[in-house]
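[1] what would the 3D arrangement of this be:
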Amino acid sequence: MFNNKKERDNMKNTILVVEITTFNDKSYIYSIKKDADTLEKATEYLVALKTLNNKKSVSYEMFNPLGQFDVNREVA
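    Take a look at the predicted model:
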């Protein structure tokens with residue numbers, strides 16, 4: 001999967017923004033929409049996608065190498 005140590009180290013810091021499409025039979029399709037090297041960049045992209053999304057069957061989440069994570073940010 002990774003060709004060298006540098007690629008493995010870069011992946012450790014990568015955050016994926018993933019589109020999740022849900023079908024009536026409760027099956028899912030996952031599609032990577034963006035990869036970011038900081039939480040700030042990933043969050044900006046996630047907020048933009050969620051704002052523009054008007055489909056009930058589509059949602060967006062962030063994943064890091066350990067799995068899905070939930071980021072609750074208070075907006076001042």
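
[2] ok, the residue most central in space within the chain - contacts?
    Centroid check for the chain by CA atoms, centre = their mean gives V17 as the closest residue, at 1.8 Å. Counting by CB atoms under 8 Å, 6 or more residues apart in numbering, V17 touches 32-36, 42, 45-46, 49, 60-62. The C-beta positions use only the backbone N, C-alpha and C, and glycine is treated the same way.

[3] and the nearest residue to N64 once chain neighbours are set aside, how far is that from L46?
    Distances taken as CB to CB, 6 or more residues apart in numbering put I15 closest to N64, at 5.3 Å, once the chain neighbours are dropped. Using CB to CB, to the nearest Å, I15 is found at 9 Å from L46.

[4] what touches both of those two?
    In contact with both I15 and L46: M62, using CB under 8 Å, 6+ apart.

[5] what's the longest helix along the chain in contact with?
    Ranked by residue count and defined by DSSP state H, the top helix of the chain is helix 39-52. Applying CB under 8 Å, 6+ apart, the contact partners of helix 39-52 are 15-17, 19, 33-34, 36, 60-62, 71, 73.

[6] from these, which has minimum pLDDT?
    The lowest pLDDT within those belongs to R73, with 48.

[7] tell me which residues of stretch 32-39 are tucked away?
    Of the residues in stretch 32-39, 34-36, 39 count as buried by neighbour count, 16 or more other CB atoms under 10 Å.

[8] do stretch 46-53 as well
    46, 49.

[9] state the mean pLDDT of that stretch.
    95.

[10] how about that stretch as PDB, C-alpha atoms only?
    Extracted C-alpha coordinates of stretch 46-53, given in PDB (Å, rounded to 0.1, in the frame of the first residue of the first chain):
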ATOM      1  CA  LEU A  46     -16.400  19.600   5.700                       C
ATOM      2  CA  VAL A  47     -18.400  22.700   6.600                       C
ATOM      3  CA  ALA A  48     -18.500  23.800   3.000                       C
ATOM      4  CA  LEU A  49     -19.800  20.400   1.800                       C
ATOM      5  CA  LYS A  50     -22.400  20.200   4.500                       C
ATOM      6  CA  THR A  51     -23.600  23.800   3.700                       C
ATOM      7  CA  LEU A  52     -24.000  23.000   0.000                       C
ATOM      8  CA  ASN A  53     -25.600  19.600   0.500                       C
END
